[in-house]
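Participant: fold the following for me, if possible:
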Amino acid sequence: MQRVMIVGQPGSGKSTLARRLGERTGLPVVHIDTIHWQPGWIERSPDEKTRLCLEVEARDRWIFEGGHSTTWENRIARADLLIWIDRSPPLRFLRVLRRTLLNHGQSRPDLPENCPEQLANLPEFLKFMWRTRKTSRAKMRQFVSTAPSACRVVHLRSNRETKIFLESIRHAQGQTLQTD
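Facilitator: Reported below is the predicted structural model:
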């Protein structure tokens, strides 16, 4: 395992899984939000986001979590593991609400500095999550079904499945070993 792609809808647990997997494997972790946003909640242009994603994807080793689906085909072509975190809308909404409240006024680890969580942005983000809950999941399901045969696919639907998956990974001298 050298290149891991993690996808899922907001609040599914992508960032948390990426951090935990990075700790176990020693692979560098890249969060899409650090590419999407600049400090102060300034959104990068689509071309700039694509350029930065392609730079990361060209590296030999990474855990890359998140969207910018424009580069998904390139990312999956290089990935040796694709993880789809597929959680229910109520749980995802609850998680987004909780992380916003717990991190209010602070930047999360998966965001650039000076991007503090703001309650004022929450209603619009929850509306976005509601509007895209079905179409985004369908898009991910379709994407996952087209993964190349050389890319292992893991579909995580629960905390238990996620825990079992993480326990199957162990860290040894900077190399990742799969336990069976």
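Participant: and the residue nearest the centre of this structure?
Facilitator: The chain has E65 as the residue nearest its centroid, 2.7 Å off, counting by CA atoms, centre = their mean.
Participant: so how far is the helix ranked longest in the chain off the chain centroid?
Facilitator: As assigned by DSSP state H, the longest helix anywhere in the chain is helix 122-145. On the basis of CA atoms, centre = their mean, to the nearest Å, helix 122-145 sits 14 Å off its chain's mean C-alpha point.
Participant: cool, stretch 90-97 as well?
Facilitator: That offset, for stretch 90-97, works out to 16 Å (CA atoms, centre = their mean).
Participant: export it to CSV, keeping only CA atoms.
Facilitator: As requested, the backbone C-alpha atoms of stretch 90-97 are provided in CSV (Å, rounded to 0.1, in the frame of the first residue of the first chain):
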residue,chain,number,x,y,z
PRO,A,90,-28.5,11.4,9.9
LEU,A,91,-25.1,10.3,11.2
ARG,A,92,-23.2,12.6,8.8
PHE,A,93,-25.4,15.6,9.7
LEU,A,94,-24.8,14.9,13.4
ARG,A,95,-21.1,14.7,12.9
VAL,A,96,-20.9,17.9,11.0
LEU,A,97,-22.9,19.7,13.6
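Participant: from what I can see H36 touches E43, true?
Facilitator: Yes: when contacts are counted by CB atoms under 8 Å, H36 is listed as touching E43 (6.6 Å). (Glycine included, C-beta is placed from N, CA and C.)
Participant: so for those two, which sits in the more crowded spot?
Facilitator: H36 (18 against 10; other CB atoms under 10 Å).
Participant: so who does the more buried one touch?
Facilitator: 43-44, 49, 66-68 (CB atoms under 8 Å, 6 or more residues apart in numbering).
Participant: need the buried ones from these selected in ChimeraX.
Facilitator: With 16 or more other CB atoms under 10 Å as the burial test, the buried ones among the contacts of H36 are selected in ChimeraX as follows:
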select :49,66,67,68
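Participant: just the contacts of H36 now: which is nearest T25?
Facilitator: Of all the contacts of H36, G66 has the smallest distance to T25: 17.9 Å, by CB to CB.
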